[in-house]
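The following comprises the amino acid sequence and a computationally predicted model.
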Amino acid sequence: LAKTTQPISMDSYEGQEVNITCSHNNIATNDYITWYQQFPSQGPRFIIQGYKTKVTNEVASLFIPADRKSSTLSLPRVSLSDTAVYYCLVGDPMDTGRRALTFGSGTRLQVQP
Amino acid sequence: DAGVTQSPTHLIKTRGQQVTLRCSPKSGHDTVSWYQQALGQGPQFIFQYYEEEERQRGNFPDRFSGHQFPNYSSELNVNALLLGDSALYLCASSGAGTGHSYEQYFGPGTRLTVT
């Protein structure tokens, strides 16, 4: 499984755009990049998934450069409720033998008023 | 539509005891995975059940066992509890429709404290 590296923590203020970068130098051809969000004492929640270029949904955008060795989760105009831990995961979801999610330590985002 | 539900919410056990945690998957989902999350760490995969069989297992000892029932609900059993088993135990479900997706739906977890 491709190993991921992301910052341990980040601070931001309400209304700002937050970009969290994840490094995955050994990503395989069939691997997708997936981000999860976790609030204290809750289970993780799927945010977004992508393979290349840019993916956008109602919550976030995911930017993936051509070499796919890194990716950036972008949260527009964060609010206090975006304070959470964000996990970057890399893997091949079509490989039924490797459906397990492999979480790292994640990035703790603290949004200040 | 109920999401993933887990019971109990909290549990306190003594070293050496056995514990059973329960999970009901999201409606329409047939695959259940269990994760252990220690304080300050990311969730660690324990095992996954599909069609009432263990399909994949993480690096956990045999003290951790599970079961999936015909209605897709699942149980996680831990025998001979150790202090280090204290953690948040998360259940996640997914279904055939996820296809090209790592989207799993997590329950709120069961907080297990071993004293």
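Arrived safely, thanks for sending. Values in this document were obtained by computation on a predicted structure and should not be read as measured data. Residues are numbered from 1 along each chain as shown, chains lettered A, B, ... in the order given.

Low-confidence stretches in the chain?
Using chain A. For chain A, the stretches with pLDDT under 70 are A:1-2, A:94-99.

meant chain B actually
B:1, B:96-101.

For it, which segments are assigned as strands?
Under the criterion DSSP state E, strands of chain B are mapped to B:5-7, B:10-13, B:19-24, B:31-37, B:44-50, B:53-57, B:64-68, B:74-78, B:87-94, B:105-106, B:110-114.

For chain B, which residue gets nearest to chain A?
With CB to the nearest CB, the shortest gap between chain B and chain A falls at B:F106, namely 2.7 Å. No exception for glycine: its C-beta is placed from N, CA and C like everyone else's.

Including mean neighbour count and distance to A:A84, could the strands of chain B go into TSV?
Below are the strands of chain B laid out as TSV (neighbours: other CB atoms under 10 Å in any protein chain shown; distance: least, CB to CB, whole Å):
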stretch	mean neighbour count	distance to A:A84
strand B:5-7	15	20
strand B:10-13	13	22
strand B:19-24	20	23
strand B:31-37	25	14
strand B:44-50	22	19
strand B:53-57	14	27
strand B:64-68	18	28
strand B:74-78	21	25
strand B:87-94	25	15
strand B:105-106	22	13
strand B:110-114	18	18
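
Leaving out the residues flanking it, which one is nearest to B:E51?
Nearest residue to B:E51 in three dimensions, chain neighbours excluded: B:D30, at 7.4 Å (CB to CB, 6 or more residues apart in numbering or on different chains).

burial of the one you found, as a residue count?
16 (other CB atoms under 10 Å in any protein chain shown).

check contacts around it.
B:50-51, B:72, B:95-96 (CB atoms under 8 Å, 6 or more residues apart in numbering or on different chains).

Now rank those residues by neighbours and give me the top one.
B:Y72 (22 neighbours).

ok, it to B:V4 distance?
Separation of B:Y72 from B:V4 (CB to CB, to the nearest Å): 11 Å.

Residues that sit against both of the two, list them.
B:24-25, B:93.

where's stretch A:48-64 relative to the chain centroid, distance-wise?
Mean-position distance between stretch A:48-64 and its chain equals 9 Å (CA atoms, centre = their mean, to the nearest Å).

Next: stretch B:60-68.
That offset, for stretch B:60-68, works out to 10 Å (CA atoms, centre = their mean).

Kindly report the same for stretch B:37-52.
Using CA atoms, centre = their mean, the offset of stretch B:37-52 from its chain centre is 6 Å.

and the end-to-end length of that stretch?
Across stretch B:37-52, the terminal residues are separated by 24 Å (CA to CA, to the nearest Å).

which residues touch B:G95?
Counting by CB under 8 Å, 6+ apart, the residues that B:G95 touches are B:26, B:28-31.

And A:T34, by the same measure?
A:46, A:48-49, A:88-91, A:93, A:101, B:102-103.

Just give me the neighbour total for the nearest residue to A:Y51 once chain neighbours are set aside.
Closest residue to A:Y51 apart from its sequence neighbours, by CB to CB, 6+ apart: A:Y32 at 5.4 Å. Neighbourhood size, A:Y32 [other CB under 10 Å]: 20.
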